[in-house]
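Engineer: starting from these lines, generate the structure:
(2 chains)
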Amino acid sequence: MSAVLTLDFTVNGKRRRMHVPPMKRLLDVLREDCGLTGTKEGCGEGECGACTVLMDGVPVNSCLVPAVQAAGVKIVTVEGLAKGPALSVLQRAFVERGGTQCGSCTPGILVTAHALLQRTKGRVPGDGEVRVAMAGNLCRCTGYQMIVNAVRAAARETQASARKRPARAAKPKAGVARRKPGSGR
Amino acid sequence: MTRASTFRTRRPGAVLRPEPAVGVSVPKRDGADKVTGRALYVDDLKIPGMLHGRTVRSTIARGIIRRIEFDPAFDWNGVVIADHQDIPGENCVAHVLEDQPLLAVREIEHADQAILLLAHADPERAEAALGAVRVEVESLDAVLSIEDALAARVKIHGADNVFKEYNIARGDLAAGFAAAAVVVEGVYRCGHQEQLYLENNGMIGERTAEGGIVVRGSMQCPYFVHDALQRMFGLPPEKVRVIQTVTGGGFGGKEDYPSVIAGHAALLAWKSGRPVKLVYDRLEDIASTTKRHPALIRVRTGHSRDGTLVATDVDVVMDGGAYMTLSPRVLSRGALHAGGAYRCPNVRIRARAVATNTPPNGAFRGFGAPQTLYAIESHMERVAAELGLDPLDLRLRNAVVRGDQTPTGQVLRESVSAVEVLDRTAKRVGWTEKRRRYGRENAAAERAERAGRFAPGGRRLRRGIGLALGWHGASFTGSGEVRLAAVAALELSPEGRPRVLAASAEIGQGAITVFTQMVAERLGVAPGLVLVETPDTDRVPDSGPTVASRTTMVVGGLLEDCARGLRERLELFAERAIDGGADFQRVARRFLDQRGPLRVGRGYRKPPWIEWNDDTYQGDAYPCFSYGAIAVEVEVDLDTGEVRVLKATTAQDVGKAIHPLLCTGQIEGGTLQGLGWALLEEVRWKDGRIWNHQLTNYIIPTSMDAPPFDVVLVENPFPGGPFGAKGVGELPMDLPAGAVVAAIAHATGACVDEIPITPERLLRALDGRKETR
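Structural biologist: Predicted structure coming up:
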């Protein structure tokens, strides 16, 4: 297969141009061509969610996305969650509340959680709501409860700091949660 | 504890106050790297000139290799091929017995056995080459189950296919049963379980210019790999270097198998002279690496009318797979825990591990104990039903207390918490009230359904609550720690910071965080000052494998001693007490300037009161036990057979929670693995091969399957452990299965004798229940 795709897309806010086979997995483009190894492969078939990245704001399993589908999109990986060197509120909550153990599922879990908190801006999602959002991300270490706790704690903290800032009413966006490709079972 | 004198730190503002490091949930040492994606796992590493390895495997369970053909139409340029003839040393992966070859020579003993290795600079070419190798085999009759192995029509190991047998006896069994008012018998089965660490197994091998090898990768036990590589390559220890990379979970699955994959990666590197990365994908990992041993367990117990245990007879058979690997040790732990945390004067435990033509089974959290504890706890439920006793009362009546003896004659002297964990679990969950309530509600639902009134949606749901008690011996069994002779050390870094030197692997559980806390506490500094060296056999001493719930208790204990010694040396040198982190660094730097490097090491010394006899299997099997009890609440759909776990409430005595958050994390995570084993996780076989070797159909619990956890940390200090700590890693895995069986029995009356309790299995059991009515 000699066809090469010129892939223009944005990764973590940076515009990138890559020359890759069109059917190369987005996961491999990110890890090998962009050098962003934070995104992990856990199963290669869209079951475990370790490779979750945001594609135009929607969590997808990057092992199921061919490069050609990433043309022109905005990708966010775990490396793009913190602005600057300090940890984001969500990342810090995971460290402080036992949300990460072996760390293999953590990048995907954080990306999914980040998308959830974008959707629920202005309120703290319930335990069940977090569990539904996380259902496509397998974790073998924690038993999930500390992950749920961390996500909700981050939402509480974000909400509290938003309240402190006046003149900025965070309004929940009416949006339909889209399913991840291949995550339905 | 001598906290008062040693843990005062002078802070700005000159307020003297103690700052304990132990018992506090400080930030996890590796946390920030893991939440930012900075942590580098083996598959994240690239080395210039690196090749990618692949493994040619057997497709049959047993047979003879006749011929290996390389497709002449394939472009073999740049493909490195290695087989058993390329192994410079011994073709063996050394464990208990040296029966496992690194690469098959002629005989195939199990499906997915490694035959040949390939490598290419382009991973896709390497993958393609895999398809261009044809292995011609002659198939032989295979032994594929415990029953086949015991029948021994086909002999694959000795005359009877038995790898190992242990017999533990105490009292007079016949007299015990003769005196019993009631005898209850049951047979319990459990299947394989895949560890399913999220990061697959992987290694990178390199050949050094000096004719040595370096292997780095995902592992729990750097020195196991180090030992194995010396044998395979015929190299002295100093020519072999093993480095742990950030490891994405292990649960025992990275205890012995990494020696195999390290050998393969190193062999390809040895032959090619290039670095070789060998990382499995999920399919290959599940198909070929170790699993929890399946077991067939027969339990017969005798009781007096009030439930008192007077005789226990347990027969355990575990499926070891094709090679012995760690099976004798798993079997031993299974046997030693088989009587449960109960007092019984007359006991016989017979345990055998048998050979089958399936991939070798190995270590998985609990190491044999979850199997036997599942059996005895399921059995206690039957006993309670038979005698009409509350399962809690039956357990309280028989639970071990201080001064009781185990089946090996070990007197339980310290930190014996079986009754306390039962009491606290029962109290926390509201045992008596809940049991009554669910009973009432189930009866009401049944009456309503009979009258034609169904719940919304027409679902016939029943709820139940079940209990289990368990114990777990912390650290290696019997004389294991003496043979292991673990060493750990502390040194001063050039900046005057203490640095931990230990081979214990951080695999997510928090080992390195806990180490920094214990060292910091004894040095009177903040945990953040303490550095931890990466486990690298060139840099750290052999503190033994990261297994057996021994890291905090045994290696932590050595480090605590090292910290005492280091502090003493520095205080002698300074001729005064050290006061806090800044002062420590000042004194340490002065020491380095005037005296040179400082390293304080400590080796394991057996406490004099531990006596163990390997021949009779009598004595102190473990320095101490951790104890736990769990109450699991379930909801069962009578029509679909689905079981939903509503809640898990557990009290576990860990001696001392050095880091309460991490400790709770171990308990919650281990509990969910236990629930998965009990309800969801089933390895399916066809002709000796696993056919569900992928996450699509090997189902582990998701966030929606996981119940909320209510964890009570009980801290009855064990004087032999650092700060009183015992082991915590494995105990949580030991408990859930028996409690799930009990909860389902309470909800439905179904008596299930095999896990996982899939909907199909439960519906069959429910049908059986109806027939017997």
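Engineer: what helix or strand does the closest residue to A:V4 other than its chain neighbours sit in?
Structural biologist: Leaving aside its chain neighbours, A:V4 sits nearest to A:H19 (5.1 Å; criterion: Cβ to Cβ, 6 or more residues apart in numbering or on different chains). Using the backbone N, CA and C atoms, a C-beta is placed for each residue, glycine as well. Assigned by DSSP states H and E, A:H19 falls within strand A:14-20.
Engineer: kindly report the same for A:V60.
Structural biologist: Judged by DSSP H and E, A:V60 forms part of strand A:58-61.
Engineer: need the CA coordinates for that strand. PDB is fine.
Structural biologist: The C-alpha trace of strand A:58-61 is given here as PDB (Å, rounded to 0.1, in the frame of the first residue of the first chain):
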ATOM      1  CA  VAL A  58     -16.300  14.000  21.300                       C
ATOM      2  CA  PRO A  59     -14.500  11.000  23.000                       C
ATOM      3  CA  VAL A  60     -13.500   8.400  20.500                       C
ATOM      4  CA  ASN A  61     -11.500   5.200  20.600                       C
END
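Engineer: contacts only, for the nearest residue to B:G439 once chain neighbours are set aside.
Structural biologist: Using Cβ to Cβ, 6+ apart and skipping the chain neighbours, the partner closest in space to B:G439 is B:H746 (7.6 Å). Counting by Cβ atoms under 8 Å, 6 or more residues apart in numbering or on different chains, B:H746 touches B:435, B:438-439, B:464-466.
Engineer: so which pair among those is furthest apart in space?
Structural biologist: Distances among those were taken as Cβ to Cβ; the most separated pair is B:G439 and B:G466, at 12.7 Å.
Engineer: quick one, which of the two is more surrounded?
Structural biologist: More crowded of B:G439 and B:G466, by other Cβ atoms under 10 Å in any protein chain shown: B:G466, with 25 against 15.
Engineer: most centrally placed residue in chain A?
Structural biologist: A:V111 (1.8 Å; Cα atoms, centre = their mean).
Engineer: which one's the longest helix in chain A?
Structural biologist: Longest helix in chain A, counting residues (DSSP state H): helix A:145-164.
Engineer: restricting to C-alpha, output that helix in CSV.
Structural biologist: Output of helix A:145-164 as CSV, limited to C-alpha atoms (Å, rounded to 0.1, in the frame of the first residue of the first chain):
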residue,chain,number,x,y,z
GLN,A,145,-15.3,4.4,43.0
MET,A,146,-12.2,6.6,43.4
ILE,A,147,-12.4,7.6,39.8
VAL,A,148,-16.1,8.6,40.2
ASN,A,149,-15.2,10.5,43.4
ALA,A,150,-12.3,12.3,41.6
VAL,A,151,-14.5,13.4,38.7
ARG,A,152,-17.2,14.7,40.9
ALA,A,153,-14.7,16.4,43.2
ALA,A,154,-13.3,18.2,40.1
ALA,A,155,-16.7,19.3,39.0
ARG,A,156,-17.4,20.6,42.5
GLU,A,157,-14.2,22.5,42.6
THR,A,158,-14.7,24.0,39.1
GLN,A,159,-18.2,25.0,40.0
ALA,A,160,-17.0,26.6,43.3
SER,A,161,-14.3,28.6,41.5
ALA,A,162,-16.8,29.6,38.7
ARG,A,163,-19.1,31.0,41.4
LYS,A,164,-16.3,33.1,42.8
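Engineer: give the other helices and strands that it contacts.
Structural biologist: The helices and strands touching helix A:145-164, judged by 3 or more Cβ pairs under 8 Å, 6 or more residues apart in numbering or on different chains; DSSP states H and E, are helix A:89-96, helix A:106-119, helix A:127-133, helix B:660-679.
Engineer: now the one helix or strand the residue nearest to B:G439 maps to: average pLDDT?
Structural biologist: If you go by DSSP H and E, B:H746 is part of helix B:736-748. The average pLDDT within helix B:736-748 is 98.
Engineer: specify the angle between it and helix B:660-679 in degrees.
Structural biologist: 60 degrees (axes from the mean of the first three to the mean of the last three Cα atoms, to 10 degrees).
Engineer: I'd like the next helix or strand past helix B:736-748.
Structural biologist: strand B:754-755.
Engineer: ok, residues contacting that next one?
Structural biologist: B:188-191, B:374, B:677-679, B:737, B:740-741, B:761.
Engineer: can you tell me the closest non-neighbouring residue to the residue of chain A found nearest chain B?
Structural biologist: Residue nearest to chain B within chain A: A:G38 (2.0 Å; Cβ to the nearest Cβ). Leaving out its chain neighbours, the residue that sits closest to A:G38 by Cβ to Cβ, 6+ apart is B:G37, at 2.0 Å.
Engineer: again with A:G49
Structural biologist: Using Cβ to Cβ, 6+ apart, the closest residue to A:G49 is A:N137 (3.5 Å).
Engineer: likewise B:V240?
Structural biologist: B:L229 (4.8 Å).
Engineer: still on that earlier bit, in helices only, show me the contacts of B:H746.
Structural biologist: B:435, B:438-439.
Engineer: contacting residues for the closest residue to chain A within chain B?
Structural biologist: Across chain B, the shortest distance to chain A (Cβ to the nearest Cβ) belongs to B:G37, at 2.0 Å. Contact analysis of B:G37 by Cβ under 8 Å, 6+ apart lists A:36-39, A:77-79, A:107.
Engineer: number of nearby residues for the nearest residue to B:R689 once chain neighbours are set aside?
Structural biologist: Spatial nearest neighbour of B:R689, excluding adjacent residues (Cβ to Cβ, 6+ apart): B:A111 at 4.3 Å. The tally of other residues near B:A111 (other Cβ under 10 Å) stands at 25.
Engineer: angles on the backbone of B:A111, please.
Structural biologist: phi -60, psi 150 (degrees, to the nearest 10).
Engineer: for it, what are its contacts?
Structural biologist: B:A111 neighbours (Cβ under 8 Å, 6+ apart): B:57-61, B:287, B:357-359, B:687-690.
Engineer: can you check B:L592 too?
Structural biologist: B:492, B:494, B:496, B:598.
Engineer: that one - that's part of a helix, no?
Structural biologist: Yes - B:L592: assigned to a helix according to DSSP: H, G, I helix; E, B strand; the rest coil.
Engineer: from B:E571, how far out is it?
Structural biologist: From B:L592 over to B:E571 the distance is 16 Å, taken as Cβ to Cβ, to the nearest Å.
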